[in-house]
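Visitor: The following comprises the amino acid sequence and a computationally predicted model.
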Amino acid sequence: MNTPIQDSIQHHSALMQQVNDFVYSNPELGYEEDQCAQYLVGVLRDLGLDVDWPFAGIRTSFKATLTSSQGGGPSVGLVMLYDAVPAVDEDGSYLPNHSCGHSVISGAVVGAVAALTDVPRAGSVTVIGLPGDEIGAPQVAQRGGSKALTAAGGEWDAFDAVYYAHPEFDNTVSQVSRWMERYRLSLHSPRNLEQHGEQDGSVLWTVQAMLSEVRSMEERHTQEFVMVKNVSVNGDVENDCRISAHMQILLFGLTNADVAQRVAELETAVATVSADAQIRIDLQRIGKPYMGVVPNQTLTRVVQQTMADMQLDVLTDPEPLPFATDFGNISRRAPSALIGTGRQGGWQFHNLEGDREFQSADGQQVMIVTAEVLARAITAFWEDPGIVVQARTDFEANIGGASP
């Protein structure tokens with residue numbers, strides 16, 4: 001026999017698919033998700049949620065709250081994503097697509113909240129729509145991710161729990177992710193045509209020298225921890241006109257100290273190349289650092305038990321995530337769980353084949369499963385005051401021992 005949550009998830013499956021289809025059919029890059037934000041706000045308002053939009057000073061962010069049936073009770077925050085992957089087409093232009101499953105996430109979060117509107121609620125749930133998750137988008141390269149920005153602004157501090165679910169290879173709750181900082185290198189110089197762009201001290205020579213320095217860092221730390229994200233050179237063709245170059249470099253680490261060491265190496269390399277070329281190189285960090293995830297043992301058990309009750313195969317000891325996520329920043333502001341909902345064989349993330357996978361029957365099934373995991377885990381959290389207290393105790397203990 002189905003539970004009321006299961007029945008409600010099935011009842012709202014068509015709405016979930018409509019949301020998925022809309023976001024998928026309107027791929028918008030980070031901080032440019034105007035159509036998707038407006039659409040999602042309308043859907044959540046129709047479900048009876050109180051909506052604050054725009055939110056946190058971000059045009060395409062919103063906050064939507066479903067209150068307790070009885071008033072008061074524990075508060076749960078939900079992350080909703082809807083920005084597209086900024087894939088690059090053969091001609092160099094951006095080809096936005098949903099090969100990271102954000103359309104599935106949008107549908108699943110709507111489905112979870114819709115299901116909760118149909119049952120008695122012992123607490124509240126708030127959906128925060130977050131733009132700018134994909135770091136390659138132009139505006140994200142300028143501003144950084146919105147999870148980090150809203151965490152720094154204290155927007156998550158009042159929640160008793162925060163859940164973030166993403167399609168992954170396994171059904172699990174991730175315990176470890178990498179730290180990351182992003183840096184932009186900028187250099188400008190008058191262009192002397194006699195150099196032909198090759199002579200020592202020219203802008204192009206300086207770019208090549210910096211790339212050589214970064215390659216040396218890659219050899220010491222591997223590309224898993226040091227990565228050139230993009231390089232651009234621009235200028236006029238006339239003598240003595242200015243030419244500029246920009247580079248974006250990603251520095252990763254298993255700890256904050258690892259990243260700090262690589263930042264120091266990059267600063268040394270910039271100073272060396274700048275002195276050799278006699279060209280000023282400005283080095284600037286982009287946005288907030290992405291912090292490693294702080295696990296919460298109590299919320300992990302709640303989600304794992306939810307998955308087990310749904311007869312899903314649960315990976316209880318996942319490998320560290322091979323990437324950084326600014327959900328780590330949120331996990332340092334409130335008790336949090338980073339949930340993965342799996343598919344056998346995983347997904348082909350960030351390519352056009354992956355885009356098609358997420359619109360397949362498998363993508364639809366993972367969306368429904370994710371919605372049920374979220375709705376049931378939220379309900380379990382609401383209904384047991386002991387879980388709420390223990391999740392806060394775990395959080396305070398873990399934050400006390402976590403590196404800043």
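Guide: Arrived safely. Only a predicted model underlies this, so the values are computations on that prediction, with no experimental measurement involved.

Visitor: which ones are touching His188?
Guide: Applying C-beta atoms under 8 Å, 6 or more residues apart in numbering, we find His188 in contact with 203, 242-244, 280. In this view, the C-beta of every residue, glycine as well, is placed from N, C-alpha and C.

Visitor: Repeat that for Asn26.
Guide: Per C-beta under 8 Å, 6+ apart, neighbours of Asn26: 35-36, 39.

Visitor: quick one, helices of the stretch 51-200 of the chain?
Guide: Along the stretch 51-200 of the chain, counting by DSSP state H, counting those that start in this stretch, helices occupy 102-117, 138-143, 146-152.

Visitor: Going by neighbour count, list what's buried in stretch 211-229.
Guide: Residues 213-214, 217, 221, 225-228 are the ones in stretch 211-229 that count as buried (16 or more other C-beta atoms under 10 Å).

Visitor: Lowest pLDDT pick from those residues?
Guide: Lowest pLDDT among the buried residues of stretch 211-229: His221, with 80.

Visitor: on that earlier part again, using TSV, please lay out the helices of the stretch 51-200 of the chain together with distance to Gly77.
Guide: Shown next, in TSV, are the helices of the stretch 51-200 of the chain (distance: least, C-beta to C-beta, whole Å):
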stretch	distance to Gly77
helix 102-117	11
helix 138-143	21
helix 146-152	10
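
Visitor: Would you mind finding the most buried of the ones you listed?
Guide: Comparing those by mean neighbour count (mean count of other C-beta atoms under 10 Å), helix 102-117 ranks first with a mean of 27.

Visitor: Against which helices or strands is it packed?
Guide: Contact here means 3 or more C-beta pairs under 8 Å, 6 or more residues apart in numbering; DSSP states H and E; on that basis helix 102-117 packs against helix 4-11, helix 13-25, helix 34-46, strand 62-66, strand 75-81, strand 124-130, strand 161-168, helix 361-383.

Visitor: 6 Å - rerun?
Guide: Helices and strands touching helix 102-117, by 3 or more C-beta pairs under 6 Å, 6 or more residues apart in numbering; DSSP states H and E, are helix 4-11, helix 13-25, strand 75-81, helix 361-383.

Visitor: deepest of those, which one?
Guide: Among the helices and strands packed on helix 102-117, strand 75-81 has the highest mean neighbour count (mean count of other C-beta under 10 Å), at a mean of 25.

Visitor: Tell me what angle that strand forms with strand 124-130.
Guide: Strand 75-81 and strand 124-130 meet at an angle of 30 degrees, taking axes from the mean of the first three to the mean of the last three C-alpha atoms, to 10 degrees as the criterion.

Visitor: Tell me the strands beside strand 75-81, with direction?
Guide: Paired with strand 75-81 in the same sheet, following DSSP bridges, are strand 124-130 (parallel), strand 161-168 (parallel).
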